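Undergrad: Structure of the sequence below:
(4 chains)
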There are 2 protein chains.
Amino acid sequence: MSPRRSQLEARQTRAAIVERAVQVSSVEGLEGLTIGRLASDLQMSKSGVLGHFGTKEALQLTTLEAAIQVFRREVWERTADAETGLPRLLAICDAWISYLERDVFRGGCFLTSASCEFDGREGPVRDAIASALSRWHEALGSQARAAIDAGDLPPGSDIAAIAFQLNALAMGANQALQLFGDQSAPQAARRAMRATLSLEPQ
Amino acid sequence: MSPRRSQLEARQTRAAIVERAVQVSSVEGLEGLTIGRLASDLQMSKSGVLGHFGTKEALQLTTLEAAIQVFRREVWERTADAETGLPRLLAICDAWISYLERDVFRGGCFLTSASCEFDGREGPVRDAIASALSRWHEALGSQARAAIDAGDLPPGSDIAAIAFQLNALAMGANQALQLFGDQSAPQAARRAMRATLSLEPQ
DNA sequence: CCTACCGATCGGTAGG
DNA sequence: CCTACCGATCGGTAGG
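TA: This is a model prediction of the structure:
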């Protein structure tokens, strides 16, 4: 047992704080997240919570990273068995909509909420959100390129346009589910995603 | 001059508060909007600001209504000259993307931001946001129905799916512009919108 | 529309 | 990890 007992406990406490912070900020936003609220929920003192991160901004960044890990696990890693290219792209679309349907986060897609909240601001949190979304677009684009190379998408397909459309449709499904509880939205999104992937460039 | 001078001035003050509230909350969110910030910006006392609305929630609702009016003016009313049906639908798509490109709100599409911020909450503000978005979907659906009746869209077109896709693409363009400053997004969104309107049901 | 004020809560620090 | 505390700000009220 290389970590001392107190270090292990500290790590578990920190993990519990982050887990709670993800759930709270999924509903209240990363700005609406407060140290006092977390301390109260976890029956700790405020300084006990803050001590693990130093500043609220560091807590926000850690919370964001944890939420990104959840998205990666629930969408990206779930499709690891699919063949690179169109098969994986189709699997990603299904896993993505499923992730929205399963209410993985109480406030809907964490990255979509965070993006809306910070897209008019500046600073490290905004930059981290933009970076994560940018990497996701690249992951989608990479699969689209493989699909073209395999002959599963037309050679002239616009890779960026495919990533843009898939992302937009997921955002639309998220809004329809969260705001209206529209149970037909996942189906509509899946169909439109499939149309995007079989009709490019037109 | 039927309104007395003091009433007229009060109305102008109120209008100035709402205008400022729209700009502030477009960046900070409707929850991030504070009475103190508004008072400071407008060089008024907090109670002078709050007196026009009573509560913060009433201020939020008034601010939201004002932002909806801006959207209506910048997107819906701009297309009033277009013929009902497909022509107006196409005009709406252009005006919608143009509204995003012109940065009408500093924080991007107000309704999209508000929807993300409140979709995990309850209460009158959330309800007002859902109602406004619902009416917009209906306006789009109504034009789509007219387009079908005129023979400009196939008889089997899924009206709700068209509204869903157009809305999703506008959300995607908003994110790409606000978060990445992606100048190719408006073009990508316009193309995808046109594809939606010429390829339904497939 | 103002001043003056309320209790609550904010992020954060000192010291242990 | 705690208690005790800081100045600032929150939404809101009383009274004029």
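Undergrad: Any residue of stretch A:178-186 touching chain B?
TA: Yes. Judged by CB under 8 Å from any CB of the partner chain, stretch A:178-186 comes into contact with chain B at A:178-180, A:184-185. Heads up, the C-betas are built off the backbone N, CA and C, glycines and all.
Undergrad: Buried ones in that stretch, by neighbour count?
TA: A:178-179, A:182, A:185-186 (16 or more other CB atoms under 10 Å in any protein chain shown).
Undergrad: ok, and which of these reach DNA strand D?
TA: The subset of the buried residues of stretch A:178-186 within reach of DNA strand D, by CB under 7 Å from any atom of the strand, is empty.
Undergrad: worst-scoring helix or strand of chain A, pLDDT-wise?
TA: Ranking every helix and strand in chain A by mean pLDDT, DSSP states H and E puts helix A:5-28 at the bottom, with a mean of 92.
Undergrad: So is that one next to DNA strand D?
TA: Yes. Using CB under 7 Å from any atom of the strand, helix A:5-28 reaches DNA strand D at A:9-10, A:13-14.
Undergrad: and stretch A:120-128, does that touch chain B?
TA: Yes. Remark: stretch A:120-128 sits within contact range of chain B at A:120-121, A:126, by CB under 8 Å from any CB.
Undergrad: May I see the buried residues of that stretch?
TA: A:120, A:125-126, A:128.
Undergrad: can you tell me which of the residues you listed lies nearest to B:Ala146?
TA: A:Gly120 (35.7 Å; CB to CB).
Undergrad: count of residues packed around A:Ala66?
TA: A count of nearby residues for A:Ala66, using other CB atoms under 10 Å in any protein chain shown, gives 16.
Undergrad: how close does it sit to B:Ala160?
TA: Distance, A:Ala66 to B:Ala160, by CB to CB, to the nearest Å: 36 Å.
Undergrad: show me what contacts A:Leu38?
TA: A:17, A:20-21, A:24, A:44, A:49 (CB atoms under 8 Å, 6 or more residues apart in numbering or on different chains).
Undergrad: Just the pLDDT at A:Pro3, thanks.
TA: On pLDDT, A:Pro3 comes in at 43.
Undergrad: Same check on A:Gly36?
TA: pLDDT, A:Gly36: 97.
Undergrad: name the element it belongs to?
TA: Assigning secondary structure by DSSP states H and E places A:Gly36 in helix A:35-41.
Undergrad: does DNA strand C sit close to that helix?
TA: Yes. Helix A:35-41 comes into contact with DNA strand C (CB under 7 Å from any atom of the strand), by way of A:35-37.
Undergrad: Quick one: neighbours of the residue of chain A at minimum distance from DNA strand C, just the number.
TA: Scanning chain A for proximity to DNA strand C using CB to the nearest atom of the strand identifies A:Gly36 as nearest, at 2.3 Å. Using other CB under 10 Å, A:Gly36 has 11 neighbouring residues.
Undergrad: And the one 10 residues further on, by the same measure?
TA: With neighbours defined by other CB under 10 Å, the count for A:Lys46 comes to 14.
Undergrad: just checking, it touches A:Ala39?
TA: Yes. Contact between A:Lys46 and A:Ala39 holds when scored by CB atoms under 8 Å: they sit 4.6 Å apart.
Undergrad: Which PyMOL command selects the buried ones in the residues of helix A:5-28 next to DNA strand D?
TA: Per 16+ other CB under 10 Å, the buried members of these correspond to this PyMOL selection:
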select buried, chain A and resi 13
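Undergrad: mind putting the residues of helix A:5-28 next to DNA strand D in TSV, distance to A:Gln165 included?
TA: Formatted as TSV, those follow (distance: CB to CB, whole Å):
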residue	distance to A:Gln165
A:Glu9	47
A:Ala10	45
A:Thr13	43
A:Arg14	39
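Undergrad: could you list every residue that touches A:Gln41?
TA: Actually, residue A:41 is Asp rather than Gln. A:20, A:24.
Undergrad: What score does it have for pLDDT?
TA: Reported pLDDT for A:Asp41: 97.
Undergrad: Tell me how far it lies from A:Glu19.
TA: Taking CB to CB, one finds A:Asp41 at 11 Å from A:Glu19.
Undergrad: so which helix or strand takes in the nearest residue to A:Gln23 once chain neighbours are set aside?
TA: Nearest residue to A:Gln23, sequence neighbours excluded (CB to CB, 6 or more residues apart in numbering or on different chains): A:Arg106, at 6.2 Å. Using DSSP H and E, A:Arg106 falls within no helix or strand.
Undergrad: Can you name the residues that contact A:Arg106?
TA: By CB under 8 Å, 6+ apart, the contact set of A:Arg106 is A:23, A:26-27, B:120.
Undergrad: residues in contact with stretch A:184-199?
TA: Contacts of stretch A:184-199 (CB under 8 Å, 6+ apart): A:86, A:89-90, A:93-94, A:97, A:100-101, A:147, A:153, A:162, A:165-166, A:169-170, A:172-173, A:176-177, B:158, B:160-161, B:164-165, B:168, B:192, B:195-196, B:199, B:202.
Undergrad: what about A:Ala130, how many residues close to it?
TA: 18.
Undergrad: Poorly predicted segments of chain A, please.
TA: A:1-5, A:199-202 (pLDDT under 70).
Undergrad: mind listing the strands for it?
TA: Using DSSP state E, chain A contains no strands.
Undergrad: How many neighbouring residues does the nearest residue to A:Met193 once chain neighbours are set aside have?
TA: Nearest residue to A:Met193, sequence neighbours excluded (CB to CB, 6+ apart): A:Cys93, at 4.3 Å. Per other CB under 10 Å, the neighbour tally for A:Cys93 reads 23.
Undergrad: Would you agree A:Cys93 is in contact with A:Gln165?
TA: No. A:Cys93 lies out of contact with A:Gln165 (CB under 8 Å); the separation is 10.8 Å.
Undergrad: Can you name the residues of chain A that neighbour DNA strand C?
TA: Counting by CB under 7 Å from any atom of the strand, chain A comes close to DNA strand C at A:33-37, A:46-47, A:50, A:54-57.
Undergrad: 10 Å instead?
TA: Residues of chain A found near DNA strand C (CB under 10 Å from any atom of the strand) are A:28, A:31-40, A:45-51, A:53-60.
Undergrad: before we move on, the earlier item: among the buried residues of stretch A:120-128, which one lies nearest to DNA strand D?
TA: Taking CB to the nearest atom of the strand as the measure, DNA strand D sits nearest to A:Gly120 out of the buried residues of stretch A:120-128, at 17.3 Å.
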